[in-house]
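Enquirer: got a predicted model here, sequence first, then my questions.
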Amino acid sequence: MRKSITLLIFLLLNYLASSQIGSSSPYSFAGIGELNFRGNQINRFMGGIDIYNDSIHANLNNPASYGDLKMVTYSLGLNYKVTNLSDKESSHQSSNSSLDYLGIAIPTGKFGFGFGLVPYSSVGYRLEGRNDLLDINSTNQFEGSGGINRAFFSFGFRLTKYFSIGTTFNYGFGEITNRTTKLIDDIELVTILQNKSSISGLSYQFSSNFKLPITKEIDFHLMYSLSPESNAKSKNSRVYLTDSQSNINIGSDYEEVDLSADGLTTTNINLSKMSSIGLGLSKDKKWFFGAQYSRINSENFRNDFINIPNLTYQNGSRISFGGFYIPNYSSLTDYWKRVVFRLGYRNESSGIIVNNFVLRETGITFGFGLPMSGYSNTNIGFEIGRRGSTENNLVMEKYWSLRIGFSLNDIWFIKRQYN
């Protein structure tokens, strides 16, 4: 089983590394795209909080939790998302599916480590706008695709019975393409400007967990994590084309723009600092409830290669609440009493300002942890949310997503015993 699971994980890692991660959000034109949730489905179904950890699940967004693992854990997350996009005049629906994460975590006593791959950001938008002047009327089309993946290596160490620390090293890589097409009414010519960025860079995360019994049955949890500000290198290219509309789809010669004169051949992208603090209460194998506050210093974001009008940044924040309940963890006769029921809520300000409107998002999540053989489990849940507004010439997103996570457990480093 161990060999087959490991082979499957690495095949999927190779697939994810060689593919582009899709998005259907028009707001993915901002920054480096729509930032994806880093944690596993268990954390997502509790509103995205990273506080709780146990001995059989890898908490991908809290490296300190690796110090508490007791079993080797293979983690895989999938999602299917349906989004309804609307403005004051029209609406349409889109959908996309993707891998959320892949990873393996390995405990070795008080020390644990893990590695894997997650989609960090996704770009996938198609926008259109009219530009009507006295003499020339035209249509502008804006398209974007691509995204950034992150390969990560995490390790955690349990310093005492109640306190753990951990670190994650990330290597981000990917390609983002932005394309603008201008079509002038009653004229056969079309103009295309395409920007392409190949992005790579290192980043880090530090976290600590504190768990203290306050009664014989109730534990208090405290978590803090920090992702310092970092830089990614962007190798850029820009091409320009003016041709007839009939030739565009067949294939035409693009003129490459010399970016060296403006110092834009290679630029740095400033990735914002992010910090989180959370606390909660739990009863072992029965229930947990927690709250978390996260802050991202988006106002420091900078990408010199891409300048978008009517787009600015400010510091963003998110507050999340969530928890779980298990009717009877030890039940031998009723399977559903061993099912874990999870519920969560989040409210966030992204730090993105479009047309003087601060982009906000709210969502509720709920899910079920279904026990499998041994300590493995399947986690299935839903997320329902909304983002944006129909005011200020913007778009409202209303979405729902089905998410599935697999946590497959195994035991390594056990000495064989013979009678």
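Expert: Yep, it's here. None of these values were measured; they are calculated from a predicted model.
Enquirer: next, the buried residues of the lengthiest strand in the chain.
Expert: The strand that spans the most residues within the chain, counting by DSSP state E, is strand 189-213. By 16 or more other C-beta atoms under 10 Å, the buried positions in strand 189-213 come out as 190, 192, 194-197, 199, 201, 203, 205-209, 211. Just so you know, the C-beta spots here come from the backbone N, C-alpha and C atoms, and that holds for glycine as well.
Enquirer: and residue 258, backbone torsions?
Expert: The phi/psi pair for residue 258 (degrees, to the nearest 10) reads phi -80, psi 110.
Enquirer: and for the one 3 residues further on?
Expert: Main-chain dihedrals, residue 261, degrees, to the nearest 10: phi -60, psi -30.
Enquirer: cool, residue 298 as well?
Expert: The phi/psi pair for residue 298 (degrees, to the nearest 10) reads phi -70, psi -20.
Enquirer: and the next helix or strand past the helix or strand bottoming out on mean pLDDT in the chain?
Expert: Using mean pLDDT, DSSP states H and E, helix 2-17 stands out as the lowest-scoring helix or strand of the chain, at a mean of 50. Going down the chain from helix 2-17, the next helix or strand is strand 34-35, by DSSP states H and E.
Enquirer: direction included, what does that following strand pair against?
Expert: If you go by DSSP bridges, strand 34-35 pairs up with strand 111-132 (antiparallel).
Enquirer: which residues does residue 93 contact?
Expert: 82, 83, 84, 85 (C-beta atoms under 8 Å, 6 or more residues apart in numbering).
Enquirer: right, and the third one touches residue 397 too?
Expert: Meaning residue 84. Yes - Residue 84 is within contact range of residue 397, at 7.4 Å (criterion: C-beta atoms under 8 Å).
Enquirer: more neighbours, the two?
Expert: residue 397 (21 against 14; other C-beta atoms under 10 Å).
Enquirer: surely the more buried one forms part of a helix?
Expert: No - Residue 397: not assigned to a helix; according to DSSP: H, G, I helix; E, B strand; the rest coil it is strand.
Enquirer: tell me the bridge partners for it.
Expert: Taking DSSP bridges as the rule, residue 397 bridges to residue 85, residue 387.
Enquirer: could you find the closest non-adjacent residue to residue 336?
Expert: Distances taken as C-beta to C-beta, 6 or more residues apart in numbering place residue 327 nearest to residue 336, at 7.4 Å, with adjacent residues excluded.
Enquirer: could you look up the SS state of the one you found?
Expert: When classified by three-state DSSP, residue 327 comes out as coil.
Enquirer: now do the one 5 residues further on
Expert: Secondary structure of residue 332, reduced to three states by three-state DSSP: coil.
Enquirer: how much space separates it from residue 371?
Expert: Separation of residue 332 from residue 371 (C-beta to C-beta, to the nearest Å) stands at 12 Å.
Enquirer: looking at those two, which has the bigger crowd around it?
Expert: Legend: neighbour count by other C-beta under 10 Å for residue 332 and residue 371, higher for residue 371 (14 against 8).
Enquirer: surely the more buried one meets residue 409?
Expert: No - contact criterion C-beta under 8 Å: residue 371 and residue 409 do not qualify, at 11.2 Å.
Enquirer: residue 386: how many residues sit nearby?
Expert: Other residues lying near residue 386 total 14 when counted by other C-beta under 10 Å.
Enquirer: show me what contacts it?
Expert: By C-beta under 8 Å, 6+ apart, the contact set of residue 386 is 361, 362, 363, 396, 397, 398, 399.
Enquirer: could you do residue 391 as well?
Expert: Residue 391 makes contact with residue 357 under the criterion C-beta under 8 Å, 6+ apart.
Enquirer: would you mind measuring from the closest residue to residue 255 other than its chain neighbours to residue 158?
Expert: Nearest residue to residue 255 in three dimensions, chain neighbours excluded: residue 240, at 5.1 Å (C-beta to C-beta, 6+ apart). Going from residue 240 to residue 158 by C-beta to C-beta gives 57 Å.
Enquirer: neighbour-wise, which of the two wins?
Expert: Neighbour totals were compared for residue 240 and residue 158, and residue 158 leads with 22 against 12 (other C-beta under 10 Å).
Enquirer: surely the more buried one meets residue 110?
Expert: Yes - contact criterion C-beta under 8 Å: residue 158 and residue 110 qualify, at 4.4 Å.
Enquirer: quick revisit: just the CA atoms of the helix or strand encompassing the residue nearest to residue 255, as CSV, please.
Expert: Taking DSSP H and E as the criterion, residue 240 maps to strand 230-244. The C-alpha trace of strand 230-244 is given here as CSV (Å, rounded to 0.1, in the frame of the first residue of the first chain):
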residue,chain,number,x,y,z
SER,A,230,9.6,38.4,0.2
ASN,A,231,10.5,39.0,-3.4
ALA,A,232,9.9,37.0,-6.5
LYS,A,233,11.8,37.4,-9.8
SER,A,234,9.8,38.0,-12.9
LYS,A,235,11.3,37.5,-16.4
ASN,A,236,9.1,39.4,-18.8
SER,A,237,8.2,39.7,-22.4
ARG,A,238,5.8,41.9,-24.4
VAL,A,239,4.6,41.5,-27.9
TYR,A,240,2.5,43.7,-30.1
LEU,A,241,0.5,43.1,-33.2
THR,A,242,-1.8,45.0,-35.6
ASP,A,243,-3.4,42.9,-38.3
SER,A,244,-6.8,42.1,-39.9
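Enquirer: lovely, talk soon.
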